[in-house]
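In: Model the following, please.
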Amino acid sequence: MLKKVGMAAAYIAIGCLIYVYGSDILQWLQSADNLVLVTLMATVMALFPVIPYPVVGGVIGAALGPMAGGVVTWAGSAMASILMFAWVRYGYAEWGSRLLHGQHRLGRVTAMFERNAFLAILFSRLIPVIPSIFINVYAALSTMSFLSYSVASSLGKIPAMLLFVLVGDNLMTNPSNIILTVGIYAVFLGVTLWIYKLAGFGPQARAKVEPERTS
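Out: Coordinates of the predicted model:
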């Protein structure tokens, strides 16, 4: 118990530091040219999302350009999600297992998720509606393997990270392209959502795992 409290306290403390020095960090990102250091900072900013990561990605994209900025932003976000997964998996696994499988309805939804865990994570990343931290924690508390999560999560993050970087780069170079960039991404989301429902992850699929009610 003491270990869990200590880990949570450390997470909150680091988050508070980023909140206090967030503007200074963003200013540093605008002028930094060391890709390794920028990637490490991007990982920290994604791991402690005090400042929305789209803002961080936009700043990096404006500073480094779409190519290098996209790689750095994606790498930081991917590494942060993997670290969060490991942190929850190896720090709170026992508690999480009781939570996810102990309740009847939640246990059924979790069982459906675990049968298609790779695709569920992949599509959840491609459709950025659910906050990233919720996906990280839920997957870590399930029985999904570390490798499957790492691959699915990292692949699913690519489109959104590219969007953040392109918007940031366009703001600095050609603002008129922002509407086109967002429009293309909206079409991509529509197609992805259609595939998501076709693959059986939509409301109809969730309904199948709910117990039928009798009057």
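
In: Quick check: longest helix in this structure by residues?
Out: When the chain is parsed with DSSP state H, its longest helix is helix 66-102.

In: That one: how far from the chain's middle?
Out: 8 Å (CA atoms, centre = their mean, to the nearest Å).

In: Average pLDDT for it, rounded please.
Out: Across helix 66-102, the average pLDDT comes to 81.

In: before we move on, which element is the closest residue to residue 29 other than its chain neighbours in?
Out: Nearest-residue entry for residue 29: residue 59, 5.0 Å, with adjacent residues in sequence omitted and distances by CB to CB, 6 or more residues apart in numbering. Heads up, the C-betas are built off the backbone N, CA and C, glycines and all. Here residue 59 sits within helix 53-64, counting by DSSP states H and E.

In: center of this structure - which residue?
Out: residue 132 (3.3 Å; CA atoms, centre = their mean).

In: Surely residue 149 is in contact with residue 121?
Out: Yes. Counting by CB atoms under 8 Å, residue 149 touches residue 121, with 6.2 Å between them.

In: Between these two, which has more neighbouring residues?
Out: More neighbours surround residue 121 than the other of residue 149 and residue 121, with 28 against 23 (other CB atoms under 10 Å).

In: okay but that one is in contact with residue 153, surely?
Out: Yes. Using CB under 8 Å, residue 121 makes contact with residue 153 at a distance of 5.5 Å.

In: hey, what's in contact with both of those two?
Out: Taking CB atoms under 8 Å, 6 or more residues apart in numbering as the contact rule, residue 121 and residue 153 both touch 135, 139.

In: where in this structure is pLDDT low?
Out: 1-4, 7, 93-112, 128, 171-173, 176-177, 196-215 (pLDDT under 70).

In: Report the set of residues contacting both of residue 149 and residue 121.
Out: Joint contacts of residue 149 and residue 121 (CB under 8 Å, 6+ apart) are residue 139.

In: Residue 63 touches residue 30, doesn't it?
Out: Yes. Between residue 63 and residue 30 there is a contact at 5.1 Å, judged by CB under 8 Å.

In: So which of those two has more stuff around it?
Out: residue 63 (21 against 12).

In: that older thread, now the residue nearest to the centre of the chain: how far from residue 169?
Out: 22 Å (CB to CB, to the nearest Å).
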